[in-house]
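**Student:** Okay, here's the prediction I keep looking at, along with the sequence it came from:
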Amino acid sequence: MTYSEWLATQLPCRVQKISIDAGFTCPNRDGTKGTGGCVYCNNRSFSPAYTGHGKSIREQLEEGKRFFARKYPEMKYLAYFQSYSNTYAPTDTLRRRYEEALSVDGVAGLVVATRPDCLSQETLDLLADLARQTFLIVEYGVETANDATLRLIPRCHTFDDSRRAIEQTAARGITTSAHIILGLPGEDADECLRQAPLISALPIRLVKLHQLQVVRGTALARAYLSKEDSPLKPRPFSLDEYLSLVRRYTALLRPDIVVERYVSETPSSLLIAPRWGVKNHEFAAMV
């Protein structure tokens, strides 16, 4: 089942995600766990131009609606809390921001992206309450099941943190998704395939796959462009290598897990490597 087919079983209308920057930060940036963020992270690489810039959640959603309405005038929308860690705030703050998004006309649900170490019992209670009222996906940045890699990049959480957060979330009846990066420094195709059964064993309904991309303004880019060897120096997959890996990786996942995405598409002005020039729907057709 494709992601769009799965969505059609969950909602009575066609929906489009609208990314928003709700003004959150991250414990790997604000000094709680780190200050530099993960080595590959540049939020500008996946944030549309209409997000942030001091705009309210409502303003961002209305601008996103105007953008998509030209193509799909009958479309409803999912407010995608994408930038940084979107459960990393007091519960009252989270509730106000989620409810602001749901109050916008045409918004049919929420997608909340976050880290597995940004989850309190109070936040879980709030998310469970929302899931009873509206369509909700909680998307966890797992990235890898290899703790050595998580220390290297440095993600500042463990795979056990991911497992625990996903289990607690799914136990509340909340649709849960895992975000995975294939090809992180030190992880070749064999290592990625070793992890697939570990990811498959999680109580997730969705998975988002993401080829490692070298993006300007990141520590990963500095390592990639440096003439010196470094454990962080990545070796991005070629298109054929990644296609072969994805075919084998997805064959190891449970049949009921829906693959939402196979590749990420960073703006050309920010992307250093790999420059395949292939969109997600084109890659999906190849798979």
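**Tutor:** Good, I have the coordinates. Numbering: from 1, shown residues only.

**Student:** Which parts of the chain are strands?
**Tutor:** Using DSSP state E, the strands found in the chain span residues 15-20, 76-81, 107-114, 135-143, 175-182, 206-211, 214-215, 258-261, 271-273.

**Student:** Can you add distance to R164 and give those strands back as a markdown table?
**Tutor:** In short, each C-beta sits where N, CA and C put it, glycine included. Formatted as a markdown table, the strands of the chain follow (distance: least, Cβ to Cβ, whole Å):
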| stretch | distance to R164 |
| --- | --- |
| strand 15-20 | 27 |
| strand 76-81 | 21 |
| strand 107-114 | 14 |
| strand 135-143 | 11 |
| strand 175-182 | 12 |
| strand 206-211 | 18 |
| strand 214-215 | 29 |
| strand 258-261 | 22 |
| strand 271-273 | 34 |
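
**Student:** Any idea which of those gets closest to P90?
**Tutor:** strand 107-114 (14.4 Å; Cβ to Cβ).

**Student:** Could you spell out the sheet neighbours of the closest one, each with its direction?
**Tutor:** If you go by DSSP bridges, strand 107-114 pairs up with strand 76-81 (parallel), strand 135-143 (parallel).

**Student:** Can you mark which positions in it are buried?
**Tutor:** Within strand 107-114, the residues scored as buried using 16 or more other Cβ atoms under 10 Å are V107, A108, G109, L110, V111, V112, A113, T114.

**Student:** for stretch 137-153, same thing?
**Tutor:** 137-146, 149-150, 152-153.

**Student:** Grab the two from those that are most spread out in space.
**Tutor:** Maximum pairwise distance among the buried residues of stretch 137-153 (Cβ to Cβ): 28.8 Å, between I137 and L152.

**Student:** Now the two most distant members of the buried residues of strand 107-114.
**Tutor:** A108 and T114 (20.5 Å).

**Student:** just to revisit the earlier point, could the strands paired with strand 107-114 be laid out in a markdown table, adding mean pLDDT and distance to S120?
**Tutor:** A markdown table is the format used below for these (pLDDT from 0 to 100; distance: least, Cβ to Cβ, whole Å):
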| stretch | mean pLDDT | distance to S120 |
| --- | --- | --- |
| strand 76-81 | 98 | 17 |
| strand 135-143 | 98 | 13 |
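
**Student:** Distance to A171 added to the ones you listed, as JSON lines?
**Tutor:** Compiled in JSON lines, these are given as follows (distance: least, Cβ to Cβ, whole Å):
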{"stretch": "strand 76-81", "distance to A171": "22"}
{"stretch": "strand 135-143", "distance to A171": "12"}
